[in-house]
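J.: Coordinates for the following, if possible.
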Amino acid sequence: MIIDYKLILYTYYPVLILVLIAGLRDRFEPQNKVLKAHNWTLIPAIFLMIFFHSGSVVIQSFWYYIPIFKNYEYNQFNLDIVIFGEDLLILILAYLFLRYIYHVSIADAFYLKLSQFPFILKVCAVLTIINICIYFLDLNSLPNIQGTDYEFLRSMNMKNFVIYYFGVVIIAPIVEESIFRGLIFSPLYRKCGRYIALVLSSLFWTYGHPNPLLSSIGIFIFGLILGWLYDRSGSLIHPIVLHMFQNSWIVVYYLT
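T.: Below you'll find the model as predicted:
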């Protein structure tokens with residue numbers, strides 16, 4: 001297998017941008033009272049983004065060079081299993097950063113309160129009605145799934161599907177929102193202001209989901225919505241639940 005060094009360097013451009021921004025002085029103060037209390041820097045986000053971007057490119061490039069992987073066939077399901085393990089590691093590292101370096105629990109840092117659920121559940125209920133109408137009227141606005149991905153989803157047995165669904169619908173939104181909204185947004189806000197923080201955090205998130213241009217624009221806009229939800233409340237529950245809802249609907253739609 002040929003190692004694509006250019007692809008690896010290209011993958012880590014967002015990390016390099018964050019490193020440069022980390023050197024800027026703080027010039028803004030978040031207006032949300034929860035975000036005002038955040039005292040972490042961009043260092044945890046930079047560190048965890050290295051792991052996040054490693055999943056789809058570096059692991060793929062070095063698959064047969066890693067002793068624990070080379071005895072297994074490289075395929076989409078095995079890659080998803082590895083990325084699932086990587087996501088769990090990222091969550092553990094995020095907890096360790098916040099708990100033992102910045103001395104704050106994840107529940108307090110991300111304002112994980114039960115009182116935050118009613119609003120976002122109402123939003124998801126409205127979106128469910130809209131999506132059902134789109135489905136039955138055949139007005140699908142979702143991007144067309146790639147043929148190989150469609151075949152991969154259709155070919156999974158129940159055990160593989162449960163693992164895949166749990167990783168894509170439950171774990172992935174928690175990990176991605178913890179990084180791109182939870183750890184990145186507040187430090188970017190303090191250094192660059194609200195609007196630049198919204199745009200950059202959404203761009204970094206879009207960059208981690210390589211897709212055709214039209215799909216990438218949709219992912220970027222969705223990232224702006226997730227960032228706005230986080231900024232308005234300071235609670236990561238809002239973007240996490242909406243992200244879970246979106247991923248769940250997409251998976252179910254393409255399997256029906």
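J.: State the number of residues packed around Val162.
T.: 11 (other Cβ atoms under 10 Å). Backbone N, C-alpha and C define where each C-beta goes, glycine included.
J.: Sorry, wrong one. I was asking about Tyr10.
T.: Tyr10: 12 neighbours (other Cβ under 10 Å).
J.: what about it, which helix or strand?
T.: helix 5-11 (DSSP states H and E).
J.: Please state the offset of that helix from the chain centre?
T.: The chain centroid and the centroid of helix 5-11 are separated by 20 Å under Cα atoms, centre = their mean, to the nearest Å.
J.: Who are the packing partners of the next helix or strand after that helix?
T.: Once the chain leaves helix 5-11, the next helix or strand it forms, by DSSP H and E, is helix 13-22. Contacts defined by 3 or more Cβ pairs under 8 Å, 6 or more residues apart in numbering; DSSP states H and E place helix 13-22 against helix 43-54, helix 185-192, helix 194-207.
J.: Tell me which of those is the most buried.
T.: Here the criterion is mean neighbour count by mean count of other Cβ atoms under 10 Å, and of the helices and strands packed on helix 13-22 the winner is helix 185-192, at a mean of 24.
J.: CA atoms of it as CSV?
T.: C-alpha atoms of helix 185-192 as CSV (Å, rounded to 0.1, in the frame of the first residue of the first chain):
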residue,chain,number,x,y,z
PHE,A,185,-16.2,27.5,19.9
SER,A,186,-15.6,29.3,23.2
PRO,A,187,-11.8,29.8,22.7
LEU,A,188,-12.4,30.9,19.1
TYR,A,189,-15.1,33.3,20.4
ARG,A,190,-12.7,34.9,22.8
LYS,A,191,-10.0,35.4,20.2
CYS,A,192,-12.0,36.1,17.0
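J.: so where do the strands sit in this protein?
T.: Counting by DSSP state E, no segments of the chain form strands.
J.: low-scoring stretches of it, by residue?
T.: 1-5, 7, 56-58, 135, 137-154, 254-256 (pLDDT under 70).
J.: what separates the residue most central in space within the chain from Val123, distance-wise?
T.: Nearest to the mean C-alpha position of the chain, counting by Cα atoms, centre = their mean, stands Glu176 at 2.3 Å. Going from Glu176 to Val123 by Cβ to Cβ, to the nearest Å gives 18 Å.
J.: cool, and Lys33?
T.: Distance, Lys33 to Val123, by Cβ to Cβ: 22 Å.
J.: do Val34 as well
T.: 19 Å.
J.: Over to Ile129?
T.: 11 Å.
J.: Among these two, which residue is more densely surrounded?
T.: Val123 (16 against 9).
J.: Nearest to Phe161, out of the helices and strands packed on helix 13-22?
T.: helix 43-54 (24.0 Å; Cβ to Cβ).
J.: which strands and helices sit next to that closest one?
T.: Applying 3+ Cβ pairs under 8 Å, 6+ apart, one finds that helix 43-54 contacts helix 13-22, helix 76-96.
J.: Gly227: how many residues sit nearby?
T.: 26.
J.: what does Leu35 give?
T.: Around Leu35 there are 19 residues (other Cβ under 10 Å).
J.: again, but for Gln246
T.: Residues near Gln246, counting by other Cβ under 10 Å: 19.
J.: My guess is it contacts Ile219. True?
T.: No - taking contacts as Cβ atoms under 8 Å, Gln246 lies outside contact range of Ile219: 10.0 Å.
J.: before we move on, back to that, using JSON lines, lay out the helices and strands packed on helix 43-54 together with mean neighbour count.
T.: Formatted as JSON lines, the helices and strands packed on helix 43-54 follow (neighbours: other Cβ atoms under 10 Å):
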{"stretch": "helix 13-22", "mean neighbour count": "15"}
{"stretch": "helix 76-96", "mean neighbour count": "16"}
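J.: I appreciate the help and will end here.
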